[in-house]
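Trainee: quick check, what structure comes out for this input:
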Amino acid sequence: MYFIQIFLNTTIFLFFFLTSNSWAQKLMDLKLTPEIIYQKRVHAVVKISIYEKNGITPISHGTGTFVSKNGLLITNLHVAKYLFHPDYSVEITNFENKELPNIIFIDCSDKRQIDLCLFKSPLPPKAWFHLSDDVISLGYNVYKIGHAEDLEYNLTKGLTLTREANIPFLLDYRTSENTNVEFIEVSALLRPGDSGGPIFDLRGNLIAITTMRISEMQDRYITNRFLAISAREVYWYVQKNKSLIDNHLGKNYPLITKDELKGRREKFLKENSPPSTIALIKNITRLELQKHITQQEKHIKSNNKKNNLIIIDVRDPFEYSMDHIHGAINIPYIEKSKNEINFIMGQDQFDINQLKKIIKNKEDTIVVYCNGGISWKSYKAIITIKRLTNFENILWFKDN
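Mentor: Presented below is the predicted three-dimensional model:
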């Protein structure tokens, strides 16, 4: 009897111990680290890239968060709105850089003008955040995954500071949107590109969806407030659309694929790049250039001053200072002429006299390069050198 009483008391104590929120979190914190949670939850996050029509580089980035095992995807309306605009294309990729071929639109915003959009992915995610309408505690460590400033899937840490409806209104910001919407203010650094991404605790529970940063001027200093729509709001937003989800209703929107982007880039390069060859000028590959550099080093060691190798970098001085081919001399080609074969040389600036001072012998080998791709500077510089000098041995390192 005495043994049974001890057993019951111990069981009750352990039950209370393990179900207490503060103690349960401390026990979990002993086992879980931000790195472990990140590795698990990063697969529940996607990158949303916005392109202008026929554009080849993104003009903006956003983030999306999976909130169910069957592929429900939440993001902000101010990120998703480009999907509905004919002048833009949208690409969605996961952590493995695999693209979604299409997305099913379920709903955007509501009568409160909440900054949320709900979609369904045709491909099930590897991970997702569970939704609940639990009240979020304050003063806890939280973490954010997003794509700020092209830092893909970056992780930042902060605290939950305040929980309140209409925080943007209290800060006199966007008073026509997010009426009576519950926000969580966090100290985690939120930046453009993070919008629509998850804020979660050390147990991997969704706390909020990154939404906005509000900057205030206080005593001549700028103070940033980081706000996110609470997970409770996301929960009820999904519940509101349950019938659409259960009945598989929604409009299908195609997304741009990597093959399409590749085709765009190839077309853009074809239409905007300089000619691939110049009459009487030999193109040189990287391997061939390296051989020339090696030969030049041998000449220097043997004090052979004939057939010197002169490498001319015609980019602007800042680009040259950031990185350049070893031994290259910077003579910037300043363009004002149009990028076309019959460009007007007199509209541009190129210090041909500096080049003549550097090159002592007509037999010296001159290699000219710029950034390659759609840059015309090296093409124009070589045409200028041909017309204004009698140098014979000019090589074009075009595809730098």
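Trainee: how many residues are close by K120?
Mentor: With neighbours defined by other C-beta atoms under 10 Å, the count for K120 comes to 19. In short, each C-beta sits where N, CA and C put it, glycine included.
Trainee: swap that for N247, sorry
Mentor: 8.
Trainee: phi, psi for it please.
Mentor: phi -90, psi 10 (degrees, to the nearest 10).
Trainee: wait, doesn't I136 sit right on A208?
Mentor: Yes. I136 is within contact range of A208, at 7.3 Å (criterion: C-beta atoms under 8 Å).
Trainee: shared neighbours, the two?
Mentor: 184, 230-231 (C-beta atoms under 8 Å, 6 or more residues apart in numbering).
Trainee: follow-up on the earlier one: who's more crowded, I136 and A208?
Mentor: A208 (28 against 19).
Trainee: how far away is that one from N330?
Mentor: Computed with C-beta to C-beta, to the nearest Å, the distance linking A208 and N330 is 50 Å.
Trainee: in terms of helix, strand or coil, where does Y38 fall?
Mentor: helix (DSSP: H, G, I helix; E, B strand; the rest coil).
Trainee: what helix or strand is the residue nearest to it when sequence neighbours are not counted on?
Mentor: Take Y38 and drop its neighbours on the chain: the residue closest to it by C-beta to C-beta, 6 or more residues apart in numbering is L155, 5.4 Å away. Assigned by DSSP states H and E, L155 belongs to strand 154-165.
Trainee: returning to what we had before: among the shared contacts of I136 and A208, which ones are in strands?
Mentor: Using DSSP state E, the subset of those located in strands is 184, 230.
Trainee: out of the shared contacts of I136 and A208, which is nearest to F119?
Mentor: Nearest to F119 among the shared contacts of I136 and A208: A231, at 17.7 Å, using C-beta to C-beta.
Trainee: surely the closest one and V135 touch.
Mentor: No. If you go by C-beta under 8 Å, A231 and V135 don't touch, sitting 10.0 Å apart.
Trainee: any idea how far Y253 is from V135?
Mentor: Counting by C-beta to C-beta - Y253 and V135 are separated by 35 Å.
Trainee: I'd like the shared contacts of I136 and A208 laid out as JSON lines, including pLDDT and neighbour count.
Mentor: Converted to JSON lines, the shared contacts of I136 and A208 look like this (pLDDT from 0 to 100; neighbours: other C-beta atoms under 10 Å):
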{"residue": "I184", "pLDDT": "90", "neighbour count": "26"}
{"residue": "S230", "pLDDT": "94", "neighbour count": "26"}
{"residue": "A231", "pLDDT": "93", "neighbour count": "27"}
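Trainee: hmm, back to that, tell me which residues form a beta bridge with the residue nearest to Y38?
Mentor: For L155, the beta-bridge partners are I145 (DSSP bridges).
Trainee: so it makes contact with V142?
Mentor: No. Counting by C-beta under 8 Å, L155 stays clear of V142, with 11.1 Å between them.
Trainee: would you map out the domains in this protein?
Mentor: The chain resolves into domains spanning 2-31, 141-240, 273-396 when parsed by automatic domain parsing.
Trainee: next, count neighbours for I325.
Mentor: Neighbours of I325 using other C-beta under 10 Å come to 17.
Trainee: now do E91
Mentor: Count around E91 with other C-beta under 10 Å applied: 20.
Trainee: now swap in the one 3 residues further on and tell me
Mentor: For N94, the count of nearby residues is 22 (other C-beta under 10 Å).
Trainee: next up, phi/psi of the nearest residue to it once chain neighbours are set aside, please.
Mentor: Using C-beta to C-beta, 6+ apart and skipping residues adjacent in sequence, the residue nearest N94 is V46, 5.3 Å away. Torsion angles at V46 (phi, psi; degrees, to the nearest 10) stand at phi -120, psi 160.
Trainee: isn't V46 up against V67?
Mentor: No. Using C-beta under 8 Å, V46 and V67 do not qualify as a contacting pair, with a distance of 11.9 Å.
Trainee: so these two - more neighbours on which side?
Mentor: V46 (27 against 24).
Trainee: distance of the more buried one relative to V135?
Mentor: For V46, the distance to V135 - C-beta to C-beta - is 28 Å.
Trainee: one step back: residues bridging contact with V46 and V67, i.e. touching both?
Mentor: Common neighbours of V46 and V67 (C-beta under 8 Å, 6+ apart) are L73.
Trainee: ranges for the helices of the stretch 301-400 of the chain?
Mentor: 317-322, 352-358, 377-388 (DSSP state H, counting those that start in this stretch).
Trainee: and those as JSON lines, adding mean neighbour count?
Mentor: Shown next, in JSON lines, are the helices of the stretch 301-400 of the chain (neighbours: other C-beta atoms under 10 Å):
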{"stretch": "helix 317-322", "mean neighbour count": "11"}
{"stretch": "helix 352-358", "mean neighbour count": "13"}
{"stretch": "helix 377-388", "mean neighbour count": "20"}
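Trainee: format those as CSV; extra columns: distance to Y88.
Mentor: Shown next, in CSV, are the helices of the stretch 301-400 of the chain (distance: least, C-beta to C-beta, whole Å):
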stretch, distance to Y88
helix 317-322, 30
helix 352-358, 45
helix 377-388, 31
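Trainee: out of those, which gets nearest to A188?
Mentor: That would be helix 317-322 among these, by C-beta to C-beta, at 31.7 Å.
Trainee: keeping just the C-alphas, turn the closest one into CSV.
Mentor: C-alpha atoms of helix 317-322 as CSV (Å, rounded to 0.1, in the frame of the first residue of the first chain):
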residue,chain,number,x,y,z
PRO,A,317,38.3,51.5,-61.9
PHE,A,318,36.0,50.2,-59.2
GLU,A,319,35.4,46.9,-60.9
TYR,A,320,39.1,46.6,-61.5
SER,A,321,39.8,47.3,-57.8
MET,A,322,37.4,44.6,-56.7
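Trainee: for it, packing partners?
Mentor: Here helix 317-322 touches no other helix or strand, going by 3 or more C-beta pairs under 8 Å, 6 or more residues apart in numbering; DSSP states H and E.
Trainee: quick revisit: of the domains of the chain, which stretch is the most buried?
Mentor: Looking across the domains of the chain with neighbours counted as mean count of other C-beta atoms under 10 Å, the highest average goes to domain 141-240: a mean of 19.
Trainee: so what's the gap between that one and the chain middle?
Mentor: Relative to its chain's centre, domain 141-240 lies at 19 Å (C-alpha atoms, centre = their mean, to the nearest Å).
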